[in-house]
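Engineer: mind looking at a prediction? Sequence and model below.
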Amino acid sequence: MMRFTLRFSLITMIILSSCTAADVNRILQSAGGQGPLTQTEVSAGLKEALIQGISKGADQASMTDGFFKNELIKILLPEDARRVESTLRQIGLGSEVDRALLAINRGAEKAAQEAKPIFISAIRQLTIQDAFNILRGEPDAATQFLRRTTETQLIELFQPRIQESLNEVGATKYYGDIASTYNAIPLTNRKIDPDLNAYVTNRAIDGLFKLIAEEEQNIRKDPMARTSALMRRVFGAQD
């Protein structure tokens, strides 16, 4: 009777979440003959996958050259500086540009590890209903959901850490020197904004989300990437 009640409750909840009959059947008929997946298992399994994604992503991004030599997430100069980069190099500021670019990425690398607890705290807020929608969604549905529901808060929390890192590695000074030199040139119509904080914060968070999405897609399609029995059970039901 208890098994029937659990099964009925699960079906009802999924239908209310707009699943199709095929979705219901696939989710309930989980692998291994262990019985239907519970709501708690689906939620916990997705949280594990996201935490694995951010842990791996933060570890990767925080390594030396984690941003700088990864073309997927490398942070380029802000757009106003990129527009005049050739001019900056022509007037002898090439080495300063390169130094600022490296320092910007070093700042993001330094701050990346500190993003982990911020992301994990947000992941723990995932609800059971959210979890079922994510499980049957796009290959990066969990990452999309996390970004949609937490990005504003993450930016607010992460910005001070980015500023501290940029100051420590000299990026604030190097980029400020470039902006001041260029802005002092007579007849320059478009000035360079010397403030890096908001720009680097957004680019760093964007890079981390890209790494999380990569790991989520890997977990969904590759059983070997599912590092716990719970993840194997939850995602195995979708194979």
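Structural biologist: Happy to help now that I have it. This is a predicted model, so every value here is computed, not measured. Numbering: from 1, shown residues only.
Engineer: okay, now the unreliable bits of the protein?
Structural biologist: 1-34, 239 (pLDDT under 70).
Engineer: what about the helices in this structure?
Structural biologist: 2-16, 21-28, 39-61, 79-83, 85-90, 94-123, 128-135, 141-169, 171-183, 197-221, 229-236 (DSSP state H).
Engineer: the shortest one: how far from the chain's middle?
Structural biologist: Using Cα atoms, centre = their mean, to the nearest Å, the distance from the centre of helix 79-83 to the centre of the chain it belongs to is 25 Å.
Engineer: so what does residue 196 look like in phi/psi?
Structural biologist: Taking degrees, to the nearest 10, you get phi -100, psi -20 for the backbone angles of residue 196.
Engineer: what sits against it?
Structural biologist: By Cβ atoms under 8 Å, 6 or more residues apart in numbering, the contact set of residue 196 is 78, 104, 166, 171, 172, 175. In this view, the C-beta of every residue, glycine as well, is placed from N, C-alpha and C.
Engineer: can I get the helices of the chain in JSON lines including mean neighbour count and distance to residue 189?
Structural biologist: Formatted as JSON lines, these follow (neighbours: other Cβ atoms under 10 Å; distance: least, Cβ to Cβ, whole Å):
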{"stretch": "helix 2-16", "mean neighbour count": "13", "distance to residue 189": "57"}
{"stretch": "helix 21-28", "mean neighbour count": "15", "distance to residue 189": "56"}
{"stretch": "helix 39-61", "mean neighbour count": "21", "distance to residue 189": "36"}
{"stretch": "helix 79-83", "mean neighbour count": "14", "distance to residue 189": "11"}
{"stretch": "helix 85-90", "mean neighbour count": "14", "distance to residue 189": "12"}
{"stretch": "helix 94-123", "mean neighbour count": "20", "distance to residue 189": "20"}
{"stretch": "helix 128-135", "mean neighbour count": "20", "distance to residue 189": "48"}
{"stretch": "helix 141-169", "mean neighbour count": "18", "distance to residue 189": "27"}
{"stretch": "helix 171-183", "mean neighbour count": "19", "distance to residue 189": "11"}
{"stretch": "helix 197-221", "mean neighbour count": "21", "distance to residue 189": "21"}
{"stretch": "helix 229-236", "mean neighbour count": "19", "distance to residue 189": "54"}
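Engineer: quick one, which of these gets closest to residue 191.
Structural biologist: When these are compared by Cβ to Cβ, helix 171-183 sits nearest residue 191, at 4.8 Å.
Engineer: out of the helices of the chain, flag the one nearest residue 73.
Structural biologist: helix 197-221 (3.1 Å).
Engineer: packing partners of that closest one?
Structural biologist: helix 39-61, helix 94-123, helix 141-169, helix 229-236 (3 or more Cβ pairs under 8 Å, 6 or more residues apart in numbering; DSSP states H and E).
Engineer: go through those and name the closest to residue 67.
Structural biologist: Nearest of the helices and strands packed on helix 197-221 to residue 67, taken as Cβ to Cβ: helix 94-123 at 4.2 Å.
Engineer: now that closest one against helix 141-169, angle please.
Structural biologist: 130 degrees (axes from the mean of the first three to the mean of the last three Cα atoms, to 10 degrees).
Engineer: which neighbouring elements make contact with helix 94-123?
Structural biologist: Counting by 3+ Cβ pairs under 8 Å, 6+ apart, helix 94-123 packs on helix 39-61, helix 85-90, helix 141-169, helix 171-183, helix 197-221.
Engineer: the nearest residue to residue 127 once chain neighbours are set aside and residue 235: what is the separation?
Structural biologist: For residue 127, ignoring the flanking residues on the chain, the nearest one in space by Cβ to Cβ, 6 or more residues apart in numbering is residue 43 at 7.3 Å. To residue 235, residue 43 is 13 Å away according to Cβ to Cβ, to the nearest Å.
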